[in-house]
Structure formats: C-alpha cells, structure tokens
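Peer 1: What follows is a predicted protein model with its sequence.
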Amino acid sequence: MNTLPDEAGLRLARRIHHERESRGWSLAQLADRSQVSKAAISKIERGETSPTAALLVRLAAAFDLTLAGLLLRAEAADDSRVSRAAEQPLWRDPDSGYLRRQVFLRADHPVEIVEVEMPPGQRVALPAASYARIRQAIRVLSGELAVDEGGECHVLAAGDCLGFGPPSDVVLANPGDIACTYLVVLARS
C-alpha cells in the first residue's frame with residue numbers, strides 16, 4: 001500500500017511533466033488549459049508539493065484524461081485483468097484527507113472502479129470538466145455522503161446509489177461524525 005507523496009508522489013510529478021512535454025506545451029499553456037497557476041504546476045512537477053484532488057482533476061482534464069487515468073499512468077500498472085487489493089494504488093488528498101483507492105482501471109476496458117474514504121466533516125469540490133466524456137454512479141458503502149450536483153442536492157446513506165446527470169460542478173461532502181466510504185463506478189462515453 002503506497003500513498004503519495006513518497007515514491008508515488010514523485011512518479012505523479014514525473015508523469016505530469018511527461019504529459020505536458022509530450023504535447024509540446026509550456027507551463028503557461030498547461031496553466032491556461034487547466035486553470036492551475038504556472039507556479040503551482042512547476043512545484044508539482046518538481047515534487048515540491050502534493051496536488052489536491054481538485055488540481056489533479058483540472059490537470060487530468062487538460063490532458064484529456066480522467067483523474068484515474070492520470071494516476072494509472074503515474075503508477076504504470078501492468079496489464080493483468082486481476083486487481084489485487086494490496087497492489088491497488090492509493091492517493092490521499094492533502095486538503096480534505098480523503099483517501100482514494102483505484103480498485104480497477106485498464107486502458108482497454110471502459111469501466112473504472114474507485115473506492116473513496118471521506119473523513120467526517122470534509123468536502124471536495126470538483127469542476128464539471130472532471131465529468132466530461134464519462135458517465136458515473138456513486139454507491140455509499142458506509143456513513144453518509146452529501147452530493148451537490150450543479151445545485152441539485154442529494155444526501156446518500158449506506159446502500160444508496162446516485163447516477164450522475166450531465167457534467168456539472170460537484171461538491172462531495174461528509175456531513176456525518178464517522179468516515180464515509182463510497183464506490184465510484186464510471187464508464188467512458
């Protein structure tokens with residue numbers, strides 16, 4: 001089990017730099033496309049700071065990738081059809097403390113599965129761009145999750161599932177006193 005910022009954080013920094021360089025983009029061009037400052041991108045690429053979920057989503061979208069796709073490329077996962085629990089990449093958002101486990105992702109498969117543990121009282125805001133070209137559903141495994149999807153609010157309890165509509169800004173929040181664990185299942189459209 002690895003979490004960023006150690007070696008996994010350095011792999012992510014190198015991957016972001018590689019994605020930018022392979023497109024022939026300057027820092028300014030990536031900053032413009034992602035709406036992330038040049039200074040922040042530079043610090044991320046040098047491994048001086050661990051990016052938040054919101055920043056990673058913006059960078060991934062600029063590269064025409066999902067967050068999961070960017071993290072998978074950073075982890076350089078093998079082509080096995082089996083995703084062993086001990087080998088599933090973990091990433092912790094430095095702002096909210098949410099822990100994201102990439103349960104399943106393959107470049108040749110249209111479905112991705114992610115498990116998230118959101119600490120009590122925490123929230124994550126994700127821009128509509130993070131939902132471009134994907135369809136997703138969230139199923140709460142434990143705890144409670146409040147989802148604000150473009151102004152439409154849903155409070156989900158254990159066992160509840162929400163299928164997302166058209167891309168819009170989303171805020172995921174844990175209003176409870178215990179951690180909320182939920183699965184995100186998404187398909188590329």
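Peer 2: Cool, the structure landed. Numbers count the residues shown, from 1 in each chain.
Peer 1: Quick one: residues contacting the residue minimising distance to the centre of the chain.
Peer 2: Residue closest to the average C-alpha location in the chain (CA atoms, centre = their mean): L67, at 4.1 Å. The contact partners of L67, taken as CB atoms under 8 Å, 6 or more residues apart in numbering, are A53, L56, V57, A60, S130. From N, CA and C alone the C-beta is placed, and that goes for glycine too.
Peer 1: Now do the contacts for V114.
Peer 2: For V114, the contacting residues are A68, R100, R101, Q102, V103, L183, V184, L186, by CB under 8 Å, 6+ apart.
Peer 1: And what about it, helix, strand or coil?
Peer 2: Following DSSP: H, G, I helix; E, B strand; the rest coil, V114 is assigned to strand.
Peer 1: mind listing what's buried in the host helix or strand of R135?
Peer 2: Per DSSP states H and E, R135 falls inside strand 134-142. Residues I134, R135, Q136, I138, R139, V140 are the ones in strand 134-142 that count as buried (16 or more other CB atoms under 10 Å).
Peer 1: For the second one, give its distance to G165.
Peer 2: Spelled out, it's R135. Distance, R135 to G165, by CB to CB, to the nearest Å: 9 Å.
Peer 1: same question, the fifth one
Peer 2: According to CB to CB, R139 stands 16 Å off from G165.
Peer 1: Repeat that for the last one.
Peer 2: As for V140, its distance to G165 is 18 Å (criterion: CB to CB).
Peer 1: same thing with the fourth one?
Peer 2: Computed with CB to CB, the distance linking I138 and G165 is 12 Å.
Peer 1: Residue for residue, what is the longest helix the chain has?
Peer 2: helix 7-22 (DSSP state H).
Peer 1: what sits against the nearest residue to A157 once chain neighbours are set aside?
Peer 2: Spatial nearest neighbour of A157, excluding adjacent residues (CB to CB, 6 or more residues apart in numbering): E144 at 5.6 Å. Applying CB under 8 Å, 6+ apart to E144 gives the contacts V155, L156, A157, A158, N174, P175, G176, C180.
Peer 1: wait, the last one sits on E117?
Peer 2: The reference is to C180. Yes - counting by CB atoms under 8 Å, C180 touches E117, with 7.3 Å between them.
Peer 1: Which one of the two is surrounded by more residues?
Peer 2: Neighbour tally, C180 and E117, criterion other CB atoms under 10 Å: the higher count belongs to C180, 26 against 19.
Peer 1: and the residue nearest to the more buried one when sequence neighbours are not counted, what does it touch?
Peer 2: In this structure, C180 finds its nearest non-sequential neighbour in G143, 3.2 Å apart by CB to CB, 6+ apart. Neighbouring residues of G143 by CB under 8 Å, 6+ apart: M118, P120, A158, N174, G176, I178, A179, C180, T181, Y182.
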